[in-house]
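Asker: Generate a structure from the sequence data that follows.
(4 chains)
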Number of protein chains: 2
Amino acid sequence: MPKQASVNIENKIAGLLKRNNLSITDSRKKILHLFLEQTGALAHGDIEKRAGEKFDRVTVYRTLQTFVDKGIIHTIPTADNSIRYALCKDECAGGHHHDHHIHFVCHKCNNTYCLDDVVTPEIKLPKGYSAEHVEVVVDGICKNCR
Amino acid sequence: MPKQASVNIENKIAGLLKRNNLSITDSRKKILHLFLEQTGALAHGDIEKRAGEKFDRVTVYRTLQTFVDKGIIHTIPTADNSIRYALCKDECAGGHHHDHHIHFVCHKCNNTYCLDDVVTPEIKLPKGYSAEHVEVVVDGICKNCR
DNA sequence: TTAAAAAAGCAACATAGTTGCAAATGAAAA
DNA sequence: TTTTCATTTGCAACTATGTTGCTTTTTTAA
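Answerer: Predicted coordinates for the structure are as follows:
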């Protein structure tokens, strides 16, 4: 029943957009599809490549920015210069991403995963520093590549 | 005795370059100065601005790349798209950065600090994943801004 | 001092990201 | 359904960022 499944995904996407007061447009649907169709995170470049034939570069930038603002996706820090985005699991309040999971980058398949079950550790800071948010990115080999 | 101090810094820089089999050039000295003159990390843009009047853009890129390759500086992951660099405290073997400190980004002064005394925590990963390197970036308010 | 090697500068190019505005599309009401 | 209004898209032009090949300059070491 692939038809049923795709209807479900359509509903999911429509609901997600509605809940965030966003109008339902082709580009938004397409980009959300990309995220929902796979586990890992997506680099901006990937998204542009896979949505870029149908949509303008500028639209991709603006759509991603909108999703980040609304808390639908979040960015993942990297040491190279490629921004990566992943779906927020729980809905994050507009602009406030309070996911506390860690990220894993496999340097074999080069995928980035949100490890939703691994909670960021408490970090003990030197005197005077106060923490607001902790990002952890682990790299190594993922379970599919070993 | 500012003269004495500046002589010391010159010696330090020269030694650092020699130890890494790098010839001593104006641009390398200038850029190392920038790092030694301050605590935090430097964004590529800052370095280019502060060294760019004397040196070509390309030279700045190549110099930073050389320093990373030699293990003199390391990159710090960020969620926005700005690469940040900081001096490696202990000499890292060529290309192998085995610093295990965490990074702190103050969102008031927007500086990035290496907290050399705070060691990255052990992260327990799900079955099948193997970790090679752990990056921790904390953001909040630094001790100078509170 | 000089010759070989390394680095810097320049130009040209490639990619990434931004802005303003006109045309197209979506939402909601008549 | 059709119309209206707000939102979103596409386009064009622009700025910023990063790269490459080649020539000239500087550094090193003999």
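
Asker: Near A:Pro77, how many other residues are there?
Answerer: 19 (other C-beta atoms under 10 Å in any protein chain shown). (C-beta placed from N, C-alpha, C; glycine too.)

Asker: Quickly find the element holding the residue nearest to the spatial centre of chain A.
Answerer: With distances taken as C-alpha atoms, centre = their mean, the residue of chain A nearest its centroid is A:Ala86 (1.1 Å). Assigned by DSSP states H and E, A:Ala86 belongs to strand A:84-87.

Asker: Direction included, what does that strand pair against?
Answerer: Note on strand A:84-87: by DSSP bridges, its sheet partners are strand A:42-43 (antiparallel), strand A:73-76 (antiparallel).

Asker: Contact residues of chain A facing chain B?
Answerer: Residues of chain A lying close to chain B (C-beta under 8 Å from any C-beta of the partner chain) are A:75-81, A:83, A:102, A:104, A:107, A:115, A:117-118, A:121, A:123-144, A:146.

Asker: on that earlier part again, does DNA strand C sit close to the strand holding A:Ala86?
Answerer: No - taking C-beta under 7 Å from any atom of the strand as the criterion, strand A:84-87 and DNA strand C are apart, separated by no less than 10.7 Å.

Asker: Only alpha carbons, please: show that strand as CSV.
Answerer: In CSV, the C-alpha atoms belonging to strand A:84-87 read as follows (Å, rounded to 0.1, in the frame of the first residue of the first chain):
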residue,chain,number,x,y,z
ARG,A,84,23.7,20.9,7.9
TYR,A,85,20.1,20.8,8.8
ALA,A,86,18.0,18.1,10.5
LEU,A,87,14.3,17.8,11.5
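
Asker: DNA strand C contacts on chain A?
Answerer: A:23-26, A:44-45, A:57-58, A:61-62, A:83.

Asker: how about the strands of chain A, start to end?
Answerer: Secondary structure of chain A by DSSP state E: the strands cover A:42-43, A:73-76, A:84-87, A:101-106, A:112-119, A:130-141.

Asker: can I get these in CSV with distance to B:Asn11 and mean pLDDT?
Answerer: As requested, the strands of chain A are exported to CSV (distance: least, C-beta to C-beta, whole Å; pLDDT from 0 to 100):
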stretch, distance to B:Asn11, mean pLDDT
strand A:42-43, 44, 94
strand A:73-76, 42, 94
strand A:84-87, 42, 94
strand A:101-106, 39, 92
strand A:112-119, 43, 90
strand A:130-141, 37, 93
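
Asker: Could you report the distance from A:Asp139 to DNA strand C?
Answerer: 21 Å (C-beta to the nearest atom of the strand, to the nearest Å).

Asker: Next up, the contacts around that residue.
Answerer: A:104-107, B:131-133, B:135 (C-beta atoms under 8 Å, 6 or more residues apart in numbering or on different chains).

Asker: who are the neighbours in contact with the residue nearest to A:Phe55 when sequence neighbours are not counted?
Answerer: In space, and not counting its chain neighbours, A:Phe55 is closest to A:Ser27: 4.7 Å by C-beta to C-beta, 6 or more residues apart in numbering or on different chains. Neighbour list for A:Ser27: A:51, A:54-55, A:59-60, A:63 [criterion: C-beta under 8 Å, 6+ apart].

Asker: Turn the contacts of A:Asp139 into TSV, including neighbour count.
Answerer: Conversion of those to TSV gives the following (neighbours: other C-beta atoms under 10 Å in any protein chain shown):
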residue	neighbour count
A:Phe104	27
A:Val105	24
A:Cys106	22
A:His107	13
B:Ala131	14
B:Glu132	11
B:His133	15
B:Glu135	22
